[in-house]
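Q: What shape does this take:
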Amino acid sequence: MIKLFVGLGNPGPDYEATRHNAGFWWIDALARELKVHLVPERSYYGLAGRATVHGQSVWLLQPQTFMNLSGKSVASLARFFKIQPDEILVVHDELDLPPGQVKLKRGGSHAGHNGLRDIHAQLGSPDYWRLRIGIGHPGEKAEVPHWVLKKPAPDQRMLIEDSIAHSLKAHPALLEGDMDKATLLVHTTKPPRPKPPRPAETL
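A: Numbering: from 1, shown residues only. Okay, here's the model as predicted:
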């Protein structure tokens, strides 16, 4: 089962609504679902909260170290509570998926994501689970740093919020450790948001 849910982002109001903080948005939504209050935990360099599910402690974490040092926060909590990499889910923004898409996977490379890069280094393993929330790509590599630190357009934000709500339906399976079921739930395409009816044409 997943014992540590980590959302990646940058701390502070200047970054709160930026694409890079999609992981924070997901953890906020899960915290509401589980009725968990996130509080500053200096020992873990982040905002953390704990729930008890099936008699097991489950942690939610938002590192407050800035994205590039996320691993310090994740590793501190995981080591203290003896949580293994395959019991960790890291939720992060994904350039290679369009807004509205989300994918679940275990292991693999960090693909240039600086938050994942530091988690790899601090855990000493790539074998944790990742939930990749699509934010789209600006088209030019040079534009990426600016892109991730900008707020998405309202229609893109709505698609991202939809994908978060959709993927949250998998959280009971994640807590039960049924990763096949969780993957199926996340990857099953949800029906498109209905379009408003067109106004009747006047003669």
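
Q: list the buried ones in the lengthiest helix in the chain?
A: As assigned by DSSP state H, the longest helix anywhere in the chain is helix 154-168. For helix 154-168, burial by neighbour count (16 or more other Cβ atoms under 10 Å) applies to Gln156, Arg157, Leu159, Ile160, Glu161, Asp162, Ser163, Ile164, His166, Ser167, Leu168. Just so you know, the C-beta spots here come from the backbone N, C-alpha and C atoms, and that holds for glycine as well.

Q: As a markdown table, those with pLDDT and distance to Asp28 would be great.
A: What follows is the buried residues of helix 154-168, written out as a markdown table (pLDDT from 0 to 100; distance: Cβ to Cβ, whole Å):
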| residue | pLDDT | distance to Asp28 |
| --- | --- | --- |
| Gln156 | 97 | 18 |
| Arg157 | 97 | 14 |
| Leu159 | 97 | 17 |
| Ile160 | 97 | 13 |
| Glu161 | 97 | 11 |
| Asp162 | 96 | 15 |
| Ser163 | 97 | 14 |
| Ile164 | 97 | 9 |
| His166 | 96 | 16 |
| Ser167 | 97 | 14 |
| Leu168 | 96 | 11 |
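
Q: Need the residues you listed in CSV (columns: distance to Ala182).
A: CSV is the format used below for these (distance: Cβ to Cβ, whole Å):
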residue, distance to Ala182
Gln156, 25
Arg157, 25
Leu159, 21
Ile160, 20
Glu161, 20
Asp162, 18
Ser163, 15
Ile164, 15
His166, 12
Ser167, 9
Leu168, 11
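
Q: Now compare those and name the two farthest from each other.
A: Spatially, the most separated pair among the buried residues of helix 154-168 is Gln156 and Leu168, at 18.8 Å (Cβ to Cβ).

Q: What distance do you get for the one residue sitting closest to the centre of the chain to Gln101?
A: In the chain, the centroid-proximal residue (Cα atoms, centre = their mean) is Val91; its distance is 2.3 Å. Per Cβ to Cβ, to the nearest Å, Val91 is found 14 Å from Gln101.

Q: got it, and Pro138?
A: From Pro138 to Gln101 the distance is 17 Å (Cβ to Cβ).
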